[in-house]
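Asks: sequence isn't available, so here's the structure alone:
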Ligand SMILES: O=C(O)c1ccccc1NCC(=O)[C@H](O)[C@H](O)COP(=O)(O)O
């Protein structure tokens, strides 16, 4: 499917409601204890029930072990798993068959050569999320509000299921869509008023801007 909008890192019923009411296609729940967006299994379970049938529910994991995956799937029952670590294409395929549901893989981009990592994930990933590489060694693996140079995507196979992310916000998402023509977009920090604090007005503005830009492509 094309023209999808994902709001990632939702961690309260109020901000999840704002994303659902504004028409998000996908909502992401982060399982990474160092993140200000981390949800416990219990909170993830409740948020997942709230979103059921209204948006695809995505659980974000970072280099997860089998036990961690099993616990998240049982508690949160996501529609998709997002892998945001250094998972190899083989590990992504293994996880996909283990959970028997679609998987999306994040690939960090800083320079043109980083795009060589994308194609090997095409077969096993429902979406390939292109994100900026973390700005420093001790930064989070994602959710840093940093963009990469979108011009690096010039010439990338347009058939790839690219979800653009990294530093998107209500003010730049239209230009990002116009320049890169992704199948989907994803945002976290750009719709926050502070680390982990989603802002309903910014969520609404982001979704409106992205919808308008996707519609202008046809
Ligand atoms: O959001 C987090 O805290 C996070 C923690 C660990 C791994 C990944 C994380 N987020 C990844 C996302 O899906 C973000 O939406 C993506 O990196 C874009 O983030 P942003 O640049 O803040 O919009």
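Replies: Happy to help now that I have it. Note that the coordinates shown come from a computational prediction; the quantities given were computed from them, not determined experimentally.
Asks: where does residue 59 land in three-state SS?
Replies: Under the three-state scheme (DSSP: H, G, I helix; E, B strand; the rest coil), residue 59 adopts strand.
Asks: which residues touch the nearest residue to it once chain neighbours are set aside?
Replies: Once flanking residues are discounted, residue 59 sits nearest to residue 78: 4.0 Å by Cβ to Cβ, 6 or more residues apart in numbering. For every residue, glycine as well, the C-beta is placed using N, CA and C. Shown in contact with residue 78 (Cβ atoms under 8 Å, 6 or more residues apart in numbering): 29, 48, 57, 58, 59, 72, 101.
Asks: if you set the cut-off to 10 Å instead, what comes out?
Replies: Residues near residue 78 by Cβ atoms under 10 Å, 6 or more residues apart in numbering: 27-29, 31, 44, 48, 51, 56-61, 72, 99, 101-102.
Asks: show me which positions of stretch 196-206 end up buried.
Replies: Judged by neighbour count (16 or more other Cβ atoms under 10 Å), stretch 196-206 contains these buried residues: 196, 198, 199, 200, 202, 203, 204, 205, 206.
Asks: filter those residues down to the ones in strands?
Replies: Secondary structure from DSSP state E places residue 198 of those in strands.
Asks: direction included, what does the strand or helix carrying residue 185 pair up with?
Replies: Using DSSP states H and E, residue 185 falls within strand 184-187. Strand 184-187 has the following sheet partners, assigned by DSSP bridges: strand 4-7 (parallel), strand 162-164 (parallel).
Asks: and those as TSV, adding mean pLDDT, distance to residue 135 and mean neighbour count?
Replies: Below are these laid out as TSV (pLDDT from 0 to 100; distance: least, Cβ to Cβ, whole Å; neighbours: other Cβ atoms under 10 Å):
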stretch	mean pLDDT	distance to residue 135	mean neighbour count
strand 4-7	98	22	25
strand 162-164	98	18	24
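Asks: got CSV for those strands, with distance to residue 180 too?
Replies: Compiled in CSV, these are given as follows (distance: least, Cβ to Cβ, whole Å):
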stretch, distance to residue 180
strand 4-7, 14
strand 162-164, 6
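Asks: between those strands, which one is nearest to the ligand?
Replies: The ligand lies closest, by Cβ to the nearest ligand atom, to one member of these: strand 4-7, at 7.4 Å.
Asks: separation between the one residue sitting closest to the centre of the chain and residue 45?
Replies: The chain has residue 186 as the residue nearest its centroid, 4.9 Å off, counting by Cα atoms, centre = their mean. As for residue 186, its distance to residue 45 is 23 Å (criterion: Cβ to Cβ, to the nearest Å).
Asks: who in the chain is up against the ligand?
Replies: 8-9, 28, 30, 32, 35, 37, 60, 62, 84, 131, 140-146, 165-168, 186-190 (Cβ under 6 Å from any ligand atom).
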